[in-house]
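Q: Next comes the sequence, and after it the predicted model I'd like to discuss.
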Amino acid sequence: MQNQSINPRIAGLSPYKPGKPVDEVARELGINDIVKLASNENPRGPGAKVQQAIAEAATELSRYPDGGGFALKARLSQKIGVDANQLTLGNGSNDVLDLIARVVLEPGAQAIIAEHSFVVYRLAVTCGGGDLVTVPAKNYGSDLAAMLDAVTDATRLIFIANPNNPTGTRTPGSELLPFLQAVPEHVWVVLDEAYLEYVEDDDHINGATLLARFPNLIVTRTFSKVYGLAAVRFGYGASSPAFADLLNRARQPFNVNSLAMAASLAALEDDDYVNESVALNRAGMAQMTEGLTRLGYDFIPSAGNFVAFDSAEPGNDLFQRMLREGVIVRAIAEYGLPNHVRVSIGLASENERFLSVLAKVGSHARPKSTHQAES
Ligand SMILES: *Cc1c(COP(=O)(O)O)cnc(C)c1O
């Protein structure tokens, strides 16, 4: 770039690649019947209570939102068992991840992440002015022992997604607890629980229950996944009151809009929606993993609402061929998994469509000779 007056960290970033939007694919390919299984969204659409709450809140749009988020914090705090002053509300949990990095990091400070972890950590650390330390994964998941070994005097932050995206790997409580006990007090641990609600294993620990024991722990959650509200952008952090106070000083005063607050409040009153979504995911995960196995694809066992499978060819090639059939999945080369594809669990009919298209255009579908001739 000609003009040198740019922060070189920002100039060196690559733009975040979102899942391809349905409208864009429809426009480009002239297909109407498109299935998007690319962004781990809830396939059901928002619940009726949420839609009604948004319609009601729409009459107040000329007013600034409640910058302190009083009502939402009060309800959330009851629901998850922390005090309201431990909460930080965000424009999606990505907003909170970004705030954490800005509050904690400065030049020379290090943040540790696991290989194959969520790309937003890299973005937050880079923009937050710190240096990223990436620790190799173990069985595609966070290697907590190795992450602990990577801690130095310069370390200030460790990010752990539990379950992790895009691999779906999970850290059980029996590993998480000793890890938190061993992390030095000067290091903040961010436990990103975007997919917590989908985990049904008994040995899982809900990070919010650990905040009283570990003052250096910060838990983040989102309404973009099981709550079905990816478009409205709401997530939150839970931490010690002192750290929440710092995050709240650094955030933009009106970072969460009124519609997001109204929708999230309503979503918190709709346990049926959450429970039904978890049940739908459980059945869909069985359908998808059985289908993948039947078609001869290895997959990484997932605790989330998505599964990454070995495409047995560059994942982007499969992504492109599936796209032409109207099925949007996600190639994850940017996560260090060039031969894997991540597919979100959809409605039963969407999962079926994915499996039939994979059967048609996947590398295992085609005779070897044809495959080689084309590549
Ligand atoms: C989807 C996801 C989030 C949620 O981000 P929002 O900004 O709340 O939409 C956070 N962390 C991980 C690992 C995710 O996959």
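A: Happy to help now that I have it. Numbering: from 1, shown residues only.

Q: Contact partners for Ile158?
A: Counting by Cβ atoms under 8 Å, 6 or more residues apart in numbering, Ile158 makes contact with Ala111, Ile112, Ile113, Met147, Val151, Val183, Val187, Trp188, Val189, Val190. For the C-beta atoms, the positions are set from N, CA and C on the backbone; glycine is no exception.

Q: Just give the closest residue to the residue of the stretch 1-150 of the chain found nearest the ligand, not the sequence neighbours.
A: Proximity of the stretch 1-150 of the chain to the ligand (Cβ to the nearest ligand atom) peaks at Gly92, 2.6 Å away. Nearest residue to Gly92 in three dimensions, chain neighbours excluded: Arg233, at 4.3 Å (Cβ to Cβ, 6 or more residues apart in numbering).

Q: Based on its surroundings, how many neighbours for that neighbour?
A: A count of neighbours around Arg233, defined by other Cβ atoms under 10 Å, yields 22.

Q: isn't it right next to Asn91, touching?
A: Yes - at 4.8 Å, Arg233 counts as touching Asn91 under the criterion of Cβ atoms under 8 Å.

Q: Please enumerate the shared neighbours of the two.
A: Val256, Asn257, Ala260.

Q: Can you flag which of those residues belong to helices?
A: Mapping the shared contacts of Arg233 and Asn91 onto helices (DSSP state H) picks out Ala260.

Q: picking that back up, list the contacts of the residue nearest to Gly92.
A: The contact partners of Arg233, by Cβ under 8 Å, 6+ apart, come to Asn91, Gly92, Asp95, Ser224, Val256, Asn257, Ala260.

Q: How much space separates it from Gly90?
A: To Gly90, Arg233 is 8 Å away according to Cβ to Cβ, to the nearest Å.

Q: anything in contact with each of these two?
A: Listed as contacting both Arg233 and Gly90 by Cβ under 8 Å, 6+ apart are Val256.

Q: Run a quick neighbour tally on the residue of the stretch 1-150 of the chain closest to the ligand.
A: 24.

Q: I figured it hits Tyr236, correct?
A: No - taking Cβ under 8 Å as the definition, Gly92 is not a contact partner of Tyr236, at 9.8 Å.

Q: Export only the CA atoms of stretch 339-349, formatted as PDB.
A: Output of stretch 339-349 as PDB, limited to C-alpha atoms (Å, rounded to 0.1, in the frame of the first residue of the first chain):
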ATOM      1  CA  ASN A 339      -8.800 -31.500   3.600                       C
ATOM      2  CA  HIS A 340     -11.800 -31.100   5.900                       C
ATOM      3  CA  VAL A 341     -15.200 -29.600   5.400                       C
ATOM      4  CA  ARG A 342     -17.500 -28.400   8.200                       C
ATOM      5  CA  VAL A 343     -21.200 -28.900   7.900                       C
ATOM      6  CA  SER A 344     -23.800 -27.500  10.300                       C
ATOM      7  CA  ILE A 345     -26.600 -29.800  11.500                       C
ATOM      8  CA  GLY A 346     -29.800 -28.700   9.800                       C
ATOM      9  CA  LEU A 347     -33.400 -29.800   9.700                       C
ATOM     10  CA  ALA A 348     -33.800 -33.500   8.800                       C
ATOM     11  CA  SER A 349     -34.700 -32.600   5.200                       C
END
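
Q: Any idea how many residues pack against Gly336?
A: 16.

Q: Provide a list of residues in contact with it.
A: Gly336 sits next to Glu115, His116 when contact means Cβ under 8 Å, 6+ apart.

Q: Pretty sure Gly108 sits against Asp153.
A: No - assessed by Cβ under 8 Å, Gly108 is found out of contact with Asp153, at 10.4 Å.

Q: any idea how far the closest residue to the ligand within the stretch 251-375 of the chain is from Asn162?
A: In the stretch 251-375 of the chain, the residue that lies nearest the ligand is Gly304 (7.8 Å; Cβ to the nearest ligand atom). Separation of Gly304 from Asn162 (Cβ to Cβ) stands at 10 Å.

Q: neighbour count winner among these two?
A: Neighbours per residue (other Cβ under 10 Å) separate Gly304 from Asn162, with Gly304 holding more: 29 against 25.
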